[in-house]
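> coords please:
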Amino acid sequence: MAEFLPILRNAGLVHPIEPRLIDNLSLHNIVTFPAQEFIRLWVEHKKKQQEDEQRLWRFAGAAVGMMFGLGDGFQIGDLLGGLAGGAMGALAQEALSADDKAALDRMQLHWVHADHGSPIRMAQRHGRPVARYMLTNGGAVIPCVGFQDGWLAILENDGAKRFLAPLQEEAKQSGFINPEWVDGQLAHGASFRADGRGFMIKQEKRLATLPATDGIVHDVMALETDNGNILAIKSSIPHHSEY
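Numbers count the residues shown, from 1 in each chain. Sure thing, here's the model as predicted:
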């Protein structure tokens, strides 16, 4: 362990005078964008929006019918079409159908299937997220998430902006999504790079365990990857996070 401490200290991960993580450092403290939960709330908002619009059109149609003696009125029908009822169930599958993608596009959720770093697409390609990592690269550190197939996907500290920024005003006014949560995600929400970039772990070996102030176990790992050998700190996926 002693030979790795200078590297970890140089990267700002380990306390300068003790073999433990620096105060308040924990991989569990990384805030990630909860894609599936956001999609669920956004779909509920859009369904409510559609219902409200249908009621308005029915009211307007009835008024037109009364004015022109058309009996029960003038029916516009469902203007927006189906709202991804099937798409939500298919998110965990290998692929989305053209109809699913079209429904997501109508709801302004194009990124779910089109963004290479979408958490949904990452899970489709690589399986379930299984651990968080902090890679050391000289004096820099790179947060990552490890998947079932061994893929180590790089996290961007402001990754949530790609998904949330175009929808932020509507989301805040929807009544389904907390405006303060939206601001917090825009400021601190991490997610995967737009290109889904990362490394493939060929082999990993635990070298030591470092105590953390939150009591969460963090292991020092030697990783053999398709990009060379890397020293990293590894921990579990927090129960409150998707990845």
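> so after the helix or strand of the chain with the lowest mean pLDDT, what's the next helix or strand?
Here the helix or strand of the chain ranked lowest by mean pLDDT, DSSP states H and E is helix 85-90, holding a mean of 42. Going down the chain from helix 85-90, the next helix or strand is helix 98-106, by DSSP states H and E.
> Check which residues of that following helix are buried.
Using 16 or more other C-beta atoms under 10 Å as the burial criterion, the residues of helix 98-106 that qualify are 100-101, 103-104, 106. Just so you know, the C-beta spots here come from the backbone N, C-alpha and C atoms, and that holds for glycine as well.
> which parts of the lengthiest strand in the chain are buried?
If you go by DSSP state E, the chain has its longest strand at strand 198-210. Residues of strand 198-210 classed as buried by neighbour count (16+ other C-beta under 10 Å): 198-199, 201, 204, 210.
> all strands for this protein, in order.
Listed in chain order, the strands of the chain (DSSP E) span 129-137, 140-147, 151-156, 191-192, 198-210, 218-225, 228-235.
> Please identify the deepest-packed of those strands.
Comparing the strands of the chain by mean neighbour count (mean count of other C-beta atoms under 10 Å), strand 191-192 comes out on top with a mean of 28.
> What strands line up against it, and which way round?
Here strand 191-192 has these sheet partners by DSSP bridges: strand 151-156 (antiparallel).
> what's the strand it pairs with in contact with?
With C-beta atoms under 8 Å, 6 or more residues apart in numbering as the test, strand 151-156 has contacts from 30, 32, 117, 122, 125-126, 133, 135, 142-147, 190-193, 196-201, 223, 225.
> just stretch 115-122 next, same as before
Residues external to stretch 115-122 that are found in contact with it (C-beta under 8 Å, 6+ apart): 33, 35-36, 39, 91, 111-113, 147, 153, 159, 162-163, 191-197, 242-243.
> swap the cut-off to 7 Å and go again
Contact with stretch 115-122 is made by 35, 91, 111-113, 153, 162, 191-196, 242-243, as judged by C-beta atoms under 7 Å, 6 or more residues apart in numbering.
> got the end-to-end distance for it?
10 Å (C-alpha to C-alpha, to the nearest Å).
> What are the buried residues along that stretch?
Within stretch 115-122, the residues scored as buried using 16+ other C-beta under 10 Å are 115, 117-122.
> Could you do stretch 39-47 as well?
39, 41-43, 45-47.
> just checking, which of those residues belong to helices?
The members of the buried residues of stretch 39-47 that map onto helices under DSSP state H are 39, 41-43, 45-47.
> Out of those, which is nearest to residue 167?
The shortest approach to residue 167 among these belongs to residue 42, at 7.3 Å (C-beta to C-beta).
> give the contact list for that closest one.
Applying C-beta under 7 Å, 6+ apart, the residues contacting residue 42 are 107, 109.
> same thing but at 10 Å, please
Residue 42 is in contact with 84, 107-109, 167, 170-171, 174, 176-177, counting by C-beta atoms under 10 Å, 6 or more residues apart in numbering.
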